[in-house]
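**Q** My questions concern the predicted model and sequence given below.
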Amino acid sequence: MSQSIETVLTEDRSFPPSDEFRGAARLADRSTYEQMWRRSIDDPEGFFGEVARELPWLEPFTSVLDWSGAPVARWFDGGKLNVSHVCLDQHVEAGRGDEVALIWEGEPGDERTFTYAELLAEVCRFANVLKARGVSKGDRVAIYMPMIPEAAMAMLACARIGAIHSVVFGGFSAQSLTDRIEDGGCTAVITADGGWRRGSILALKDAVDEAVQDQAQVHTVLCVRRTEQAVAWSEGRDVWLHEALDGVSDECAPEPMDAEDVLFLLYTSGSTGKPKGIVHTTGGYIVGAYLSTRYVFDLRPGDTYWCTADVGWITGHSYIVYGPLANGARMVMYEGAPNAPHEGRFWELCEKHRVSIFYTAPTAIRAFMKWGDAHVEKYDLSSLRLLGTVGEPINPAAWIWYREKVGGSRCPIVDTWWQTETGSIMLTPLPGMSATKPGSAMTPFFGVDAAILDEEGNEVGHGEGGLLAIRRPWPSMLRGIWGDEERYHDTYWSRWDGRYYMAGDGARRDADGNFWIMGRVDDVLNVSGHRLSTMEVESALVSHEGVVEAAVVARPDDLTGEAIVAFVIPTDEVADDGGLALGVLLKAHVAAEIGKLARPAEIRVSPRLPKTRSGKIMRRLLRAIAAGEEIRQDTTTLEDPTILDELRTGVKA
Ligand code: WTA
């Protein structure tokens with residue numbers, strides 16, 4: 001059976017950067033890109049050796065890449081460095097200590113600003129507290145924090161002493177935290193009493209107390225005071241950070257780390273099974289984060305950069321903390337939700353801090369669209385010059401809205417495809433060069449040798465969909481799954497006998513060679529023998545004015561093998577008929593837009609969709625609901641579990 005995925009979506013619009021943008025861009029023409037990309041593939045030693053030498057090493061590396069232990073790569077062997085030194089000390093030593101590193105806003109409106117010199121001092125003090133508590137090189141430390149400056153400081157403090165951090169998203173339950181603490185063998189936890197979320201307190205310390213109950217190896221819970229409500233206290237184990245910092249030195253020599261020493265673990269749930277602790281190491285990771293931040297965001301002096309992710313996700317690691325700081329950027333960090341205290345909060349902050357580069361997720365963009373243009377139009381967004389998205393395929397309608405309403409039709413959009421596992425951006429436009437197409441992640445980044453394959457490992461032709469694969473190691477690639485080497489091989493390298501990394505996403509290239517991500521391979525629909533991508537059918541649905549967001553899944557069907565079931569969030573309240581009339585319209589609309597084959601057999605209208613806390617739609621749950629099955633799967637990463645009953649009882653058209 002052919003495993004290629006058919007494409008039914010045609011999107012011909014393309015948007016080159018303005019002459020003004022191109023004129024000042026770091027990389028402005030295709031031939032320079034092609035030359036650099038070619039060299040990064042043909043001569044990775046030369047290319048990445050040079051990039052790596054732009055960073056301060058404590059001891060120089062002796063080799064650039066060793067792939068003899070495939071599929072585990074070694075980059076920059078022999079070299080020693082410290083990521084906190086790369087992110088902080090180098091800028092202070094170069095005389096840029098007074099430049100602003102971090103402008104932070106709390107949800108209630110409080111504000112704190114740190115220069116590079118101040119951030120370095122804070123990180124050193126934090127690191128000294130960890131040391132005094134007996135945390136040392138190689139120990140695992142769980143970080144379970146709100147989006148406050150101390151979250152970034154905690155990560156950098158761990159990096160400074162060589163402890164391995166494992167950040168767990170603050171919205172996860174106590175049970176999820178326990179699972180991750182146990183799997184990683186964490187001996188210390190850094191948390192806060194609470195964090196602000198839509199005006200209420202997220203009780204983080206309470207969750208930690210519950211999570212570590214049976215984790216006897218946890219000797220320290222270091223707690224930042226943020227929300228100031230009463231919390232339970234375990235003498236001996238629990239320590240207030242502000243008390244521990246009293247009288248502590250603001251100097252702490254960075255621990256010289258081998259390039260291949262582990263920098264952090266980050267758990268990713270994948271679609272089934274227990275979460276995987278993705279392992280990232282020091283040298284290759286920081287080179288990847290540094291280089292991609294510089295080129296993809298076209299970072300220049302004078303920019304104010306804001307990535308709206310949470311530090312609990314890889315985006316928060318690579319594009320809030322490590323990449324921007326390694327480049328000496330000035331950035332904004334925000335604690336709260338985009339609609340607290342009002343739906344214009346993000347734009348208010350963009351205006352206030354004169355943000356020039358803004359990076360967010362498609363799920364957020366669709367929410368902004370739903371809330372209405374008025375919230376955006378109220379603010380002066382003329383400081384923006386570049387926009388970015390990450391996390392899921394962005395449908396063209398949302399892309400165009402983002403471009404026009406937020407970017408004033410003037411800012412390029414970088415739609416960046418990558419994964420927790422890849423560590424840094426893999427497919428992306430380069431904003432000074434690319435004539436971007438709505439919904440396309442465009443071109444491979446330096447060092448990325450991407451291909452689209454069929455099941456047997458043959459490359460499919462342009463225009464055909466298949467499995468996205470990467471042919472050779474790149475510096476920031478994962479080095480494994482914590483404690484489970486076999487699963488690392490099985491999940492990523494077994495499909496084509498170790499020759500390619502399998503991303504698990506479907507993709508196609510258009511006639512110009514640009515990449516289009518088609519969604520997770522596990523989600524592909526198979527209607528009458530035609531394999532269709534969820535993303536394309538969803539795009540067609542949301543191109544109808546009555547729909548804000550859509551998710552499609554397949555359910556078994558006697559006639560067609562699988563039939564498409566679409567779950568949609570309507571623009572207006574669900575009508576009295578339960579959405580019946582809208583459903584009929586939408587079926588005809590999809591048939592007209594992309595063909596009868598893709599017409600949903602059933603449409604269910606609902607005010608919400610089940611999402612993970614990072615905003616990804618959980619299609620596996622929708623599949624069970626569509627098939628009328630009992631839900632026996634893990635729902636702990638679901639943002640709001642009550643939604644399942646709502647969806648089960650929805651009206652069908
Ligand atoms: C999806 C987030 C389409 C994809 C950095 C990938 C995307 C998964 C895009 C990784 C994009 C991420 N276009 N799909 N620009 N970016 N994805 O590990 O399915 O949270 O495999 O990393 O998100 O999610 P993760």
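**A** The structure has been received and is ready for your questions.

**Q** contacts, neighbours, all on C-alpha from now
**A** Noted.

**Q** got the residues of the stretch 501-650 of the chain near the ligand?
**A** By the rule CA under 6 Å from any ligand atom, the part of the stretch 501-650 of the chain lying against the ligand is D505, I517, G519, R520.

**Q** In the chain, where is pLDDT below threshold?
**A** Counting by pLDDT under 70, the chain has low-confidence residues at 1-3, 8, 270-273, 649-653.

**Q** rerun at 80
**A** Across the chain, the ranges flagged by pLDDT under 80 are 1-10, 269-274, 528-531, 559-560, 574, 578, 595, 613-614, 631-642, 644-653.

**Q** Can you pull the residues of it lying near the ligand?
**A** Residues of the chain lying near the ligand by CA under 6 Å from any ligand atom: 315, 390-393, 415-420, 441, 505, 517, 519-520.

**Q** In helices, which of these appear?
**A** Secondary structure assignment by DSSP state H places T315 of these in helices.

**Q** Count the residues that sit near S382.
**A** 16 (other CA atoms under 10 Å).

**Q** Quick check: it vs the ligand, distance?
**A** 25 Å (CA to the nearest ligand atom, to the nearest Å).

**Q** Y305 versus that residue, what's the distance?
**A** S382 is 14 Å from Y305, where distance means CA to CA, to the nearest Å.

**Q** and if you look at A592?
**A** 41 Å.

**Q** Between the two, tell me which one has more neighbours.
**A** Y305 (27 against 13).

**Q** I'd assumed P438 was in contact with E11.
**A** Yes. Between E11 and P438 a contact is recorded at 7.3 Å, counting by CA atoms under 8 Å.

**Q** Which one of those two is surrounded by more residues?
**A** More neighbours surround P438 than the other of E11 and P438, with 24 against 12 (other CA under 10 Å).

**Q** Look up the closest residue to the residue nearest the centre of the chain, ignoring the ones flanking it.
**A** By CA atoms, centre = their mean, the chain has its centre lying nearest to T315, at 3.7 Å. Nearest residue to T315, sequence neighbours excluded (CA to CA, 6 or more residues apart in numbering): A309, at 6.2 Å.

**Q** what residues are up against the nearest residue to D303 once chain neighbours are set aside?
**A** Leaving aside its chain neighbours, D303 sits nearest to S356 (5.7 Å; criterion: CA to CA, 6+ apart). By CA atoms under 8 Å, 6 or more residues apart in numbering, the contact list for S356 reads D303, T304, Y305, C350, S383, L384, R385, L386.

**Q** Of those residues, grab the buried ones for ChimeraX.
**A** In ChimeraX, selecting the buried portion of the contacts of S356, with burial taken from 16 or more other CA atoms under 10 Å, looks like this:
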select :303,304,305,350,383,384,385,386
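
**Q** State the three-state secondary structure for the most far-flung residue of the chain relative to its centre.
**A** What lies farthest from the middle of the chain is L559; by CA atoms, centre = their mean that is 39.1 Å. For L559, the assignment made with DSSP: H, G, I helix; E, B strand; the rest coil gives coil.

**Q** so what's it up against?
**A** Contacts of L559 (CA under 8 Å, 6+ apart): S528.

**Q** Neighbours of D209, how many?
**A** 17.

**Q** That one: which element?
**A** In this structure, D209 sits in helix 204-212 according to DSSP states H and E.

**Q** Can you give the contact residues for that helix?
**A** Where contact means CA under 8 Å, 6+ apart, the residues beyond helix 204-212 that reach it are 144-145, 170, 173-175, 177-178, 191-195, 218, 223, 231-232.
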